[in-house]
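**Student:** sequence and predicted structure below; questions after.
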Amino acid sequence: MLRSAIRAVLIGQVLAAGCRSGLNYPNPLGPRYAGAVSPVPAAPPHPDPAVIRVVTFNIAYGRHIERAIELLQAPLPQPLRSADIISLQEMDAASTARIAGVLGMSYVYYPAIVHPKTGRDFGNAILSRWPIVADAKIVLPHLARFRHTERIATAATILIGDVAVRVYSVHLGTIMDIGPGARRDQARAVLADAATFPRVVVAGDMNSHAIGKEFSAAGFLWPTEHNPSTDRLFKWDHIFLKGFAVADSAAAGVVRDNHGASDHRPVWAVAELRATTPS
C-alpha cells in the first residue's frame, strides 16, 4: 500500500515537471574525463594495503559539492575520511575534478546524459588513491519511460600494489524509469563485464534493495544488505564485493547526517583482499 502510494506521488511529480528528453551520450568511448595524482604515491595510503575502504555517494545533481567535500573530510566515521575508492553518481566533470583535487585522488568520469532538469552533464565517477590503469563506459540497456534517457556504469581497473581490482560506479534506472525486470537487465550488464575479473567492487545507487540478490547469486558479498535507509525511506545505495573478505557486520555503514549535501546518504564498507584468487 505504501509503495503504491509513493510510486503514484513520484510519477505525478515527474508528469507535473514535464517530460522533456535529455541528450544521451550513447558512444561507449565518451565523453571521458580523467585526472591522475602527480606524482603517484610510492607508499600505500594505509599501513595495511590489504584493507580497502570503499565509499559510494549520490550527490544529487552535483549541486552541493563543497558540502560533500566537508563530509568526505570529516574526522568521523573513519572509513569516510580515509576512503581508498569513492564511487560518485549524478556528477559532472568539473564537480568530479574538484572533489578529486581536494582529496588528492585520481579519477575517471563518464557522463550518461545532459540532464533536462539542470542542463548539465549527469553521470558516474570513480576516485582512487591508487593508480587507475584502465577504464570504460558501459551503456546499460533500457531507456527511461518518459524522458528516454539512458543509464551507464563507469568502470575502472585500479592497481593496489600489484593486484588489479575492477571497480564500477553504477546508477541504475529509477522506479519511474523502468520496471524491476529491466533493472535486473542493467545489473546483469555490469555483471557480464565483471565476470572475467577475479577482484571486483560494484558500488552506487541501485534504486533498489532487491537488486542485491542478482549480485549475491553471482558470488558477490553484500556487506551493505542490512544497512539503514540511504535515501529517505529506501535502502537504495549499496556496495558489492568479489574476491574480498568482510570481517563482520560492523564492516559497513551509512552516514546518517549528510550535511545537506544530497538527498542520499554516503555508504561505506571496509574489505580485505583475499590472499588467493577465488576459483
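**Tutor:** Done, it's in.
**Student:** show me what contacts T118?
**Tutor:** Listed by CB atoms under 8 Å, 6 or more residues apart in numbering, the contact partners of T118 are Y61. For glycine as for every other residue, the C-beta is placed from the backbone atoms N, C-alpha and C.
**Student:** quick one: it from R265, how far?
**Tutor:** To R265, T118 is 21 Å away according to CB to CB, to the nearest Å.
**Student:** ok, now N207?
**Tutor:** 15 Å.
**Student:** assign N124 to helix, strand or coil.
**Tutor:** State at N124, reduced to three classes by DSSP: H, G, I helix; E, B strand; the rest coil: strand.
**Student:** helix/strand/coil for I99?
**Tutor:** Taken by three-state DSSP, the conformation at I99 corresponds to helix.
**Student:** surely it touches L127?
**Tutor:** Yes - counting by CB atoms under 8 Å, I99 does reach L127; the two are 6.8 Å apart.
**Student:** between these two, point out the one with more neighbours.
**Tutor:** L127 (27 against 23; other CB atoms under 10 Å).
**Student:** which residues of the stretch 51-200 of the chain fall in helices?
**Tutor:** Using DSSP state H, counting those that start in this stretch, the helices of the stretch 51-200 of the chain run over residues 65-72, 78-81, 93-103, 180-194.
**Student:** lowest average pLDDT across those helices?
**Tutor:** The minimum mean pLDDT among the helices of the stretch 51-200 of the chain belongs to helix 78-81 (a mean of 82).
**Student:** and that helix, how far from the chain's centre?
**Tutor:** From the chain centre to the centre of helix 78-81 is a distance of 16 Å (CA atoms, centre = their mean, to the nearest Å).
**Student:** next: stretch 225-241.
**Tutor:** Distance, centroid of stretch 225-241 to centroid of chain: 12 Å (CA atoms, centre = their mean).
**Student:** can you check stretch 21-31 too?
**Tutor:** 18 Å.
**Student:** and A34, which of the three is it?
**Tutor:** Secondary structure state of A34, per three-state DSSP, is strand.
**Student:** okay, and the beta partners of it?
**Tutor:** A34 has these beta-bridge partners by DSSP bridges: V108.
**Student:** that one against Y110, yeah?
**Tutor:** No - in this structure A34 lies outside contact range of Y110 using CB under 8 Å: 9.4 Å.
**Student:** with neighbour numbers in mind, choose between the two.
**Tutor:** Between A34 and Y110, counting by other CB under 10 Å, Y110 is the more crowded of the two (31 against 18).
**Student:** so what's the more buried one closest to, chain neighbours aside?
**Tutor:** Once flanking residues are discounted, Y110 sits nearest to K137: 4.1 Å by CB to CB, 6 or more residues apart in numbering.
**Student:** so that neighbour bridges to which residues?
**Tutor:** Bridge pairing for K137 - DSSP bridges - gives T154.
**Student:** ok, it - contacts?
**Tutor:** Neighbouring residues of K137 by CB under 8 Å, 6+ apart: 28-30, 32, 110, 152-155.
**Student:** of these, buried ones?
**Tutor:** Those of those that meet the buried threshold are 32, 110, 152-155, by 16 or more other CB atoms under 10 Å.
**Student:** and the residue nearest the centre of the chain?
**Tutor:** G204 (2.7 Å; CA atoms, centre = their mean).
**Student:** need the strands for this structure, in chain order.
**Tutor:** 23-24, 33-35, 51-58, 85-91, 106-114, 121-128, 132-139, 152-160, 163-171, 200-205, 237-242, 244-245, 252-254, 267-273 (DSSP state E).
**Student:** now do the shared contacts for I99 and L127.
**Tutor:** 86, 88, 107.
**Student:** give the contact list for the last one.
**Tutor:** Right, Y107. Contacts of Y107 were listed using CB under 8 Å, 6+ apart, and they are 33-35, 96-97, 99-100, 125-128, 132.
**Student:** output those residues in TSV; the columns should cover distance to A217.
**Tutor:** TSV is the format used below for the contacts of Y107 (distance: CB to CB, whole Å):
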residue	distance to A217
Y33	34
A34	33
G35	36
T96	32
A97	37
I99	33
A100	34
A125	28
I126	24
L127	29
S128	28
I132	29
